[in-house]
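# just to be clear, the model below is a prediction. Sequence and coordinates:
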Amino acid sequence: MLNRTLCVIASAILIAAPGKPQQPNQKKVKDQIEADLFNAVAREKDPLQKLSLLDSWSMKYPDTEFRQERNLHYVSSYTTLETRAVTPNAPPEVLKEGEKAARTVLDKSDSLFAPEMAPGSVKADDWAIARQEAIRQAHTVLATLASNRKDYSQAEAEFGKLLESTPDDGGAAYRLGVSITGQKQPARYPVAIFYLARAVTLLKGADSNAAEQYLEKVYMTHHGDLSGLDEVKLTASKTWAPPPEWHIKSAAEIDEEKAGSERAFAQAHPELVTWRAIREKLLVVDGPDYFAANLKDAEIANLKGTVLSQPGPKELVLAVDGLKPDAILKLDVALKTRLQPGTVIGFSGVPLSWAKDPYVLTLQTASKNVTVLTLP
């Protein structure tokens, strides 16, 4: 958990060993009491006890010449408490102190890493980097602790800050997506899917494969299938946060759109809805029984078809649904004029017979029931 720069900083506090404090650049303690505090802090291994000693030192000697050294001890103690809190099976009191330390680092990062607090052995640029790493570490600790206790809202906030500071952190993107799905709010799944997709584009090897599997699971749950997922990945690879008005249609939305389209189609083409229903029942259900019970001798009105041919004066071959012949119309008397292929007619008729393959329904009608709608 301890990052590289903080390791360098932590090592700087070892400049003084138990005994008399070393005094680089002629630094001096105020008196023996401060010397005892200095050495007690240097000897103390327990971070909580060390913080208590540091607070006592700060209260009694706010203007000590050893401000940098004391500050380093503070940073080291907070870091140790954070690290302990995210170790497996950490007891409740350790979790509590680690969270408190992380929040303290965030609240006091400006003063803890003020330029004048940089030890002489650390360059200004490294000190600035150390501040950013300390902030990231604090957010990581808070995010991890929140995730472990299933406080996914808090985890989302912390992982979001991590990703904002380091947009190419695939691990943070993945855990941000998981934190959002953990809140079980289906309306927010598109945002979670975006971050999971970004994680897939950033992670490598087994981590990427595991993220891909989870992404597909969430996407299927939300969208109903994997259509459009490649486009989501492409968008997520180009930006760290969802674009404005980001949305992925849910399966329910898709079903509603489909139902709306079907309703609109039924209103615009009622004759096709009737025709398709008859065909489906003849082909899928028990065709002969259905025909005998429901179609034979029953007139079907308000149909429409395109003339494909007129084999005889009292017979028309029609395409009702599509371009292939699926209806034969038997007339009682010949039409006054021969109909050319491509003529669209309206008609009604009584089914006489049907064929399954290729599907054709033969109907009987009176010539007076045939109306020319459009000419070729």
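Sure thing, it's come through. Numbers count the residues shown, from 1 in each chain.
# specify the beta-bridge partners of residue 362.
residue 328, residue 353 (DSSP bridges).
# what's the neighbour count on it?
15 (other Cβ atoms under 10 Å). Yep, even glycine has a C-beta here, placed from its N, CA and C like the rest.
# do I have it right that it meets residue 326?
No - here residue 362 does not reach residue 326: they are 10.5 Å apart, not a contact under Cβ atoms under 8 Å.
# list the contacts of the spatially closest residue to residue 250 that is not a sequence neighbour.
In this structure, residue 250 finds its nearest non-sequential neighbour in residue 222, 5.6 Å apart by Cβ to Cβ, 6 or more residues apart in numbering. Residue 222 makes contact with 186, 189-190, 193, 248, 250-251, according to Cβ atoms under 8 Å, 6 or more residues apart in numbering.
# residue 304 in helix, strand or coil?
Using DSSP: H, G, I helix; E, B strand; the rest coil, the structure places residue 304 in strand.
# ok, back up a step: list the buried ones in whichever strand or helix holds the residue nearest to residue 250?
Here residue 222, judged by DSSP states H and E, is contained in helix 205-223. Going by neighbour count (16 or more other Cβ atoms under 10 Å), the buried part of helix 205-223 is 208, 211-212, 214-215, 218-219, 222-223.
# same check on stretch 94-110?
94-95, 97-99, 101-102, 104-105.
# let me know the closest of the residues you listed to residue 57.
Nearest to residue 57 among those: residue 104, at 16.8 Å, using Cβ to Cβ.
# what helix or strand is the closest residue to the closest one other than its chain neighbours located in?
Nearest non-adjacent residue to residue 104, counting by Cβ to Cβ, 6+ apart: residue 78, 6.0 Å away. If you go by DSSP H and E, residue 78 is part of helix 67-85.
# now do the following helix or strand past that helix against helix 67-85, angle only.
Downstream of helix 67-85, the first helix or strand assigned by DSSP H and E is helix 92-112. Here helix 92-112 points in a direction 150 degrees away from that of helix 67-85 (axes from the mean of the first three to the mean of the last three Cα atoms, to 10 degrees).
# just how off-centre is helix 92-112 within its chain?
A distance of 30 Å separates the centroid of the chain from that of helix 92-112, by Cα atoms, centre = their mean, to the nearest Å.
# ok, stretch 187-206 next?
That offset, for stretch 187-206, works out to 6 Å (Cα atoms, centre = their mean).
# over to stretch 336-355?
Computed by Cα atoms, centre = their mean, the chain-centroid distance of stretch 336-355 equals 54 Å.
# show me which residues of that stretch are buried.
For stretch 336-355, the neighbour count (16+ other Cβ under 10 Å) marks 339, 343-345, 347, 349, 351, 354 as buried.
# which one of the buried residues of stretch 94-110 is nearest residue 68?
The closest of the buried residues of stretch 94-110, once distances to residue 68 are taken by Cβ to Cβ, is residue 105, at 17.3 Å.
# please name the nearest non-neighbouring residue to the closest one.
Spatial nearest neighbour of residue 105, chain neighbours left out: residue 138 (4.3 Å); criterion: Cβ to Cβ, 6+ apart.
# likewise residue 71?
Among residues not flanking residue 71 along the chain, residue 117 sits closest, at 4.7 Å (Cβ to Cβ, 6+ apart).
# so what's the one you found up against?
67-68, 71, 111, 127.
# could you dump the residues you listed to JSON lines with neighbour count?
JSON lines is the format used below for the contacts of residue 117 (neighbours: other Cβ atoms under 10 Å):
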{"residue": "67", "neighbour count": "16"}
{"residue": "68", "neighbour count": "18"}
{"residue": "71", "neighbour count": "22"}
{"residue": "111", "neighbour count": "11"}
{"residue": "127", "neighbour count": "18"}
